[in-house]
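[1] just a sequence and a predicted model for now, questions to come.
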Amino acid sequence: MYLEIEKLPEFDNHELVSCFCDKKTGLRGYIAIHNTNLGPSAGGTRYFPYKSDEEALRDALRLSRAMTYKCALAGVPYGGAKATIIIDPQKPKTKEFLIEYAKRVNLLNGNYITGEDVGIDQRDVDILAENSKFIVGHSKSGGDLGPWAALGVFASIKGAFEATFGNDEIKDHTFAIKGLGKVGFNLCKFLYEQGGKITVANRSPEKVKDAKKHFPKIKVVSINEIHKQKVDVYSPCAIGGEFNEKTIRELKCQIICGGANNQLADPKIGEALHHLKILYVPDYLANAGGLISVVGELRKGGYDRKWVEKKCLSIQQTAKKIIELSRKEKKPTSVVADHLAESIFLGKKKAQR
């Protein structure tokens, strides 16, 4: 199937877009490298039941662009990339399947560094790492990204509180968390430990039960009602694309800050939230903790948990800066964050290791 890539709305002068395929194992997908001005590209591999090649390609283009902006605001010397693999229900994700994918990553010879994302777990990453030196996030190094991604969201919330309430205290503030995966669960833990009043929702009854066991005071609502809760912060930590013209009219929160990627169904939604006076912390800033952890493995001195933690916590000040600039310039935070990131990677300013 031939696709005119440059005509797709998600195409943004990407440096490289590659299709890969292996009929024997059922491997099929795309690697998109958006921009490498700051350094080699980095971004996870997503294994997902895409309905078509075009859907997988467009997701790779969209996600890789977001990774460029994420790297720039996180202050790490890497560019943005992403891979999307289309699930073939007839051919499971075997070790041979993963080895074939590792071979495709190797063809790029370090210009693309990848690891965990939706559908790719720790076991998969470890198999990939045995077959490619361009894999990050394996168990012998930084390991699970969930707690770090959650720490970044937590820091972003504190930055939003500083800019909004004059302090970053969590106690007695109200939160609604959609999704209790690794990020949502760990965010719940951070907020709960500091006295936050939390409402959660998840499609899996088992995950809800587990959260209730660990955090008995949380309230549970349905997945279709969680965004309608009257809270200080709504934190989407599931799949992206949640906010559109309809859903934003149902919001009753002051602040949006969560771990999901690509939360805005359309860039214009950032402006709409601004007009509704709902403070939106851009997702690619808030969820940068996982990225920070994996690129921490590539530092000359090796992986250092203290460096990763410090870098994740510094997101608080970046969030505060963007919110303050938004108010000063009377522009949406989504626009301000984009401009700030572009001034870094288009200006070719080198991030500090």
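    Nice, I can see it.

[2] ok, now how distant is residue 53 from residue 337?
    Residue 53 sits 31 Å away from residue 337 when distances are taken as CB to CB, to the nearest Å. Every C-beta, even on glycine, is put in place using the N, C-alpha and C of the backbone.

[3] I should have written residue 119 there, sorry.
    Distance from residue 119 to residue 337, by CB to CB: 27 Å.

[4] quick one: which of these two has more around it?
    More crowded of residue 119 and residue 337, by other CB atoms under 10 Å: residue 337, with 27 against 16.

[5] part of a helix, is the more buried one?
    Yes: the assignment for residue 337 is a helix, going by DSSP: H, G, I helix; E, B strand; the rest coil.

[6] excluding chain neighbours, what is closest to it?
    Nearest residue to residue 337, sequence neighbours excluded (CB to CB, 6 or more residues apart in numbering): residue 282, at 4.2 Å.

[7] so who does the one you found touch?
    Contacts here follow CB atoms under 8 Å, 6 or more residues apart in numbering; on that basis residue 282 touches 322, 333-334, 337-338.

[8] any idea how the protein splits into domains?
    Domain ranges of the chain: 5-67+78-131, 146-345, per automatic domain parsing.

[9] what's the average pLDDT for the shortest one?
    Average pLDDT, domain 5-67+78-131: 95.

[10] before we move on, back to that, mind putting the contacts of residue 282 in CSV, distance to residue 188 and pLDDT included?
    Formatted as CSV, the contacts of residue 282 follow (distance: CB to CB, whole Å; pLDDT from 0 to 100):
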residue, distance to residue 188, pLDDT
322, 25, 97
333, 24, 97
334, 25, 96
337, 25, 97
338, 29, 95
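
[11] need these in a markdown table (columns: distance to residue 197).
    Shown next, in a markdown table, are the contacts of residue 282 (distance: CB to CB, whole Å):
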| residue | distance to residue 197 |
| --- | --- |
| 322 | 26 |
| 333 | 25 |
| 334 | 28 |
| 337 | 28 |
| 338 | 33 |
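
[12] which secondary structure elements does the host helix or strand of residue 177 contact?
    Secondary structure assigned from DSSP states H and E places residue 177 in strand 174-178. Counting contacts by 3 or more CB pairs under 8 Å, 6 or more residues apart in numbering; DSSP states H and E, strand 174-178 packs against helix 182-193, strand 197-201, strand 230-236.

[13] please state the offset of the longest one from the chain centre?
    Which is helix 182-193. Here helix 182-193 is found 16 Å from its chain centre; the criterion is CA atoms, centre = their mean, to the nearest Å.

[14] tell me, what's the model's pLDDT at residue 177?
    The per-residue pLDDT of residue 177 was computed as 98.

[15] now residue 142
    For residue 142, pLDDT reads 67.

[16] likewise for residue 351?
    41.

[17] does the closest residue to residue 279 other than its chain neighbours sit in a helix or strand, and which one?
    Nearest residue to residue 279 in three dimensions, chain neighbours excluded: residue 255, at 4.6 Å (CB to CB, 6+ apart). Using DSSP H and E, residue 255 maps to strand 252-256.

[18] after that strand, which helix or strand is next?
    Trace forward from strand 252-256 with DSSP H and E and the next one is helix 268-275.

[19] angle of that following helix against strand 252-256?
    Angle of helix 268-275 versus strand 252-256, following axes from the mean of the first three to the mean of the last three CA atoms, to 10 degrees, is 120 degrees.

[20] give me the contacts around helix 268-275.
    243-245, 248, 256, 264, 279-280, 326, 331-335.

[21] redo that, cut-off 10 Å
    241-245, 247-249, 251, 256, 263-264, 266, 278-280, 282, 326, 330-338 (CB atoms under 10 Å, 6 or more residues apart in numbering).

[22] which among these end up buried?
    241-243, 248, 251, 256, 263-264, 278-280, 282, 326, 332-338 (16 or more other CB atoms under 10 Å).

[23] tell me the phi and psi of residue 109?
    Backbone torsions of residue 109, given as degrees, to the nearest 10, read phi 50, psi 50.

[24] what about it, distance to residue 313?
    34 Å.

[25] more neighbours: the two, which one.
    residue 313 (16 against 10).

[26] residue contacts, the closest residue to residue 110 other than its chain neighbours?
    In space, and not counting its chain neighbours, residue 110 is closest to residue 134: 5.6 Å by CB to CB, 6+ apart. Residue 134 makes contacts with 40, 42, 102, 105-106, 108-115, 128, 298, as judged by CB under 10 Å, 6+ apart.

[27] chain center to stretch 128-136, what's the gap?
    Counting by CA atoms, centre = their mean, stretch 128-136 comes out at 21 Å from the chain centroid.
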